[in-house]
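*Asks:* Quick one, structure for this:
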Amino acid sequence: MGKGKQRVRVKQVGPKNPAAANPLAGLAVPPEDLIQPPRRGDPSATIPWPITVSAMDTSTFITIYPTYIDSTKTLKQGRRLPAAQSVPSPCILDLSDACRSLSLRHVVQPWKGFSRDVESRWYNPGRVKVDLSSANAATKLEMLKEIALTIPLMASRKKRVEEKELKLKEEEEKAKKEAAAAVAATSGGGTGTRSSKKKGKGKKKS
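*Replies:* Model (predicted):
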């Protein structure tokens, strides 16, 4: 009995070194498909106004972020004015244009982020530092109110709002067309399948 036994040889399939194989390699996402955060500029970049001034001592200037007067933000996120006195989604260009309209000496720091509003650090960065001594306002709160009142009246602001609304409308129309095309393709494919089945049933056996 012992002599009649045959040994079974098992053939190894796959790499000779199992440790070198990565079972999750096929699930890896290509680098080009990964979500990439927006590119940020130099946080130390500073643009003075008037532009004829080469440098300014901003140590006594007050700091204003767009969030301070943004009606879409909460007090917890950093809004400093009542929502009724604020402006929906102002940007750093709105702040700078308002300061120029009010003849306020200021510097623009386009890549500074507001720590309390994390979302704005990526999608609405920047801040202005304003010389309060060049303003009619006696306090920072009064200056914020003046800027918030000025922004909606500016032609540059109106143009930006119109362009944003137009872009949103175009994106909505594009999404509707893509959804309609997907529905049409699905319903068309289903109809074709059902008709082919009916034709097959109608054939007589020879």
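*Asks:* give me the element Ser89 is part of.
*Replies:* Ser89 belongs to no helix or strand when assigned by DSSP states H and E.
*Asks:* And the pLDDT at the most centrally placed residue in the chain?
*Replies:* The residue lying closest to the centre of the chain (Cα atoms, centre = their mean) is Tyr123, at 4.8 Å. Note on Tyr123: pLDDT of 87.
*Asks:* again with Gly26
*Replies:* We have a pLDDT of 68 for Gly26.
*Asks:* same deal with Tyr65?
*Replies:* 97.
*Asks:* Straight-line length of stretch 47-67, end to end?
*Replies:* Stretch 47-67 has an end-to-end distance of 20 Å (Cα to Cα, to the nearest Å).
*Asks:* returning to that earlier point: and the residue nearest to the centre of the chain, backbone torsions?
*Replies:* The phi/psi pair for Tyr123 (degrees, to the nearest 10) reads phi -100, psi -10.
*Asks:* Test my guess that Phe114 contacts Tyr65.
*Replies:* Yes: Phe114 is in contact with Tyr65 according to Cβ atoms under 8 Å; the separation is 4.3 Å. All C-beta spots, glycine's among them, are computed from the backbone N, C-alpha and C.
*Asks:* which residues are in contact with both of the two?
*Replies:* Residues touching both Phe114 and Tyr65 (Cβ atoms under 8 Å, 6 or more residues apart in numbering) are 78, 120, 127.
*Asks:* Closest to Thr46 out of those residues?
*Replies:* Closest approach between these and Thr46, by Cβ to Cβ: Arg127, at 10.6 Å.
*Asks:* The closest one - how many residues pack around it?
*Replies:* Arg127 has 22 neighbours, counted by other Cβ atoms under 10 Å.
*Asks:* Next one: the nearest residue to Gly126 once chain neighbours are set aside from Tyr68, what distance?
*Replies:* Excluding the flanking residues, the one nearest Gly126 by Cβ to Cβ, 6 or more residues apart in numbering is Ile92, at 3.1 Å. Distance check for Ile92 against Tyr68: by Cβ to Cβ, to the nearest Å, it reads 12 Å.
*Asks:* Just want to know which of these two has more residues nearby.
*Replies:* Neighbours were counted for Ile92 and for Tyr68 using other Cβ under 10 Å; Tyr68 has more, 23 against 20.
*Asks:* For Thr52, see how far away that one is.
*Replies:* Tyr68 sits at a distance of 28 Å from Thr52 (criterion: Cβ to Cβ).
*Asks:* and if you look at Phe61?
*Replies:* Distance of Phe61 to Thr52, given as Cβ to Cβ: 18 Å.
*Asks:* which sections of this protein are below the confidence cut-off?
*Replies:* 1-5, 8, 10-26, 29, 32-40, 188-206 (pLDDT under 70).
*Asks:* the strands in it, which residues?
*Replies:* Taking DSSP state E as the criterion, the chain carries its strands at 47-49, 62-64, 106-109, 127-130.
*Asks:* Give me the contact list for stretch 52-59.
*Replies:* Residues from elsewhere that reach stretch 52-59 (Cβ under 8 Å, 6+ apart): 46, 48, 105, 107, 129, 131.
*Asks:* Please repeat the previous calculation with a cut-off of 10 Å.
*Replies:* Identification of contacts with stretch 52-59 by Cβ atoms under 10 Å, 6 or more residues apart in numbering yields 46, 48-50, 105-107, 109, 129-131.
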